[in-house]
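Participant: Sequence and predicted structure, then a few things I'm wondering about:
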Amino acid sequence: MKKPSSSRANSSPPNASPQPAIEFDAPRIAPAGTLADRVTAVLLEKIRAGEFPPGMRLPPEQAICERFGVSRTVVREAISRLKSDGLVEVRQGSGTVVREPNSATAFRLDIDTQHSIEAVLRVTELRRGIEAEAAALAAQRRTRAQLAAIRRALGAIDKAVKQQRDGVDEDLAFHIAISHATGNPLYPPLLEYLSHFIHTAIGITRSNEARRDDFSNAVREEHNAIYEAIAAQDVVAARRAVVKHIDNAGRRIREADAAFWAEHGGAAAEPLVAPARRGTRNAAQR
């Protein structure tokens, strides 16, 4: 298959039609070690070798799962890492597409802690500053169509809960919908870049909150307050609502008991703390 020209800067135009996904060979990975690390490494090698050239659409998640013999969660984490390194991008209606090479050094975010609670709280604190201002801008600038998209995203969270799903994807989509209403085109890609970290943090906070009805009800009320403030175009209330929501999420994480971290929270936080643990091991080996 002919490769696209490399003369384009950074990434293919958003409205360009990506090439179709291709078949690929991949080893089945043994269920040992960090599976996401191994899947990421193989996909990265295929991108660098030109087997997945710029403009090419990656195979669907299910196809990658079957080729590697891993779960969707592992594949999503691997693709999220490639997105964070600026190697692929998600285009609406087109899937995940390989970007043109970029000479700029990719920005990396290192949580730099081996403690699960601290890792989640660091991401939560980062979200506080970014998402509170995004909500304030959305309240000031949102259009009717953007408000409707935020409302649909909010409804999708309720639907997921009623269907006894964790609602993590829907929760993240709600906050990303707000970023699109800021009127600043830098916010959506920033949230997309942070999505790997935010998705993990939201997953942990929601799993903790799902254990108690009062927590679940509080989260729903907090999301509604954010939406209502944006709908009313109340900049101050929108900012305040997000700060309250994220501060409360942090408080609920701090109040989680040891059983939660032993049964679920610790394993769920592994994507955040694993890089720091790898760094410690590598330093010890030198």
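Facilitator: On my side now, so go ahead.
Participant: Summarise which helices and strands the helix or strand where Asn248 lies is packed against.
Facilitator: For Asn248, the host element (DSSP states H and E) is helix 235-255. In this structure, helix 235-255 makes packing contacts with helix 116-141, helix 187-209, helix 213-231, judged by 3 or more C-beta pairs under 8 Å, 6 or more residues apart in numbering; DSSP states H and E. Where you see a C-beta, it was placed from the backbone N, CA and C, and this is true even at glycine.
Participant: quick one: average confidence on stretch 196-204?
Facilitator: Stretch 196-204 carries an average pLDDT of 74.
Participant: now that stretch: how far from the chain's centre is it?
Facilitator: Between the centre of stretch 196-204 and the centre of its chain there are 7 Å (C-alpha atoms, centre = their mean, to the nearest Å).
Participant: what comes up buried for that stretch?
Facilitator: Residues of stretch 196-204 classed as buried by neighbour count (16 or more other C-beta atoms under 10 Å): 196-204.
Participant: would you put the C-alpha positions of that stretch in PDB?
Facilitator: C-alpha atoms of stretch 196-204 as PDB (Å, rounded to 0.1, in the frame of the first residue of the first chain):
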ATOM      1  CA  HIS A 196      -5.300   8.200  30.000                       C
ATOM      2  CA  PHE A 197      -4.600   9.700  33.400                       C
ATOM      3  CA  ILE A 198      -8.100  11.200  33.900                       C
ATOM      4  CA  HIS A 199      -9.800   8.000  32.800                       C
ATOM      5  CA  THR A 200      -7.900   6.000  35.400                       C
ATOM      6  CA  ALA A 201      -8.600   8.500  38.100                       C
ATOM      7  CA  ILE A 202     -12.300   8.700  37.300                       C
ATOM      8  CA  GLY A 203     -12.500   4.900  37.200                       C
ATOM      9  CA  ILE A 204     -11.100   4.700  40.800                       C
END
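Participant: on that earlier part again, ok, and what's touching the helix holding Asn248?
Facilitator: With C-beta atoms under 8 Å, 6 or more residues apart in numbering as the test, helix 235-255 has contacts from 117, 120-121, 124-125, 127-128, 131-136, 138-140, 204-205, 208-209, 215, 218-219, 222-223, 225-226, 228-230.
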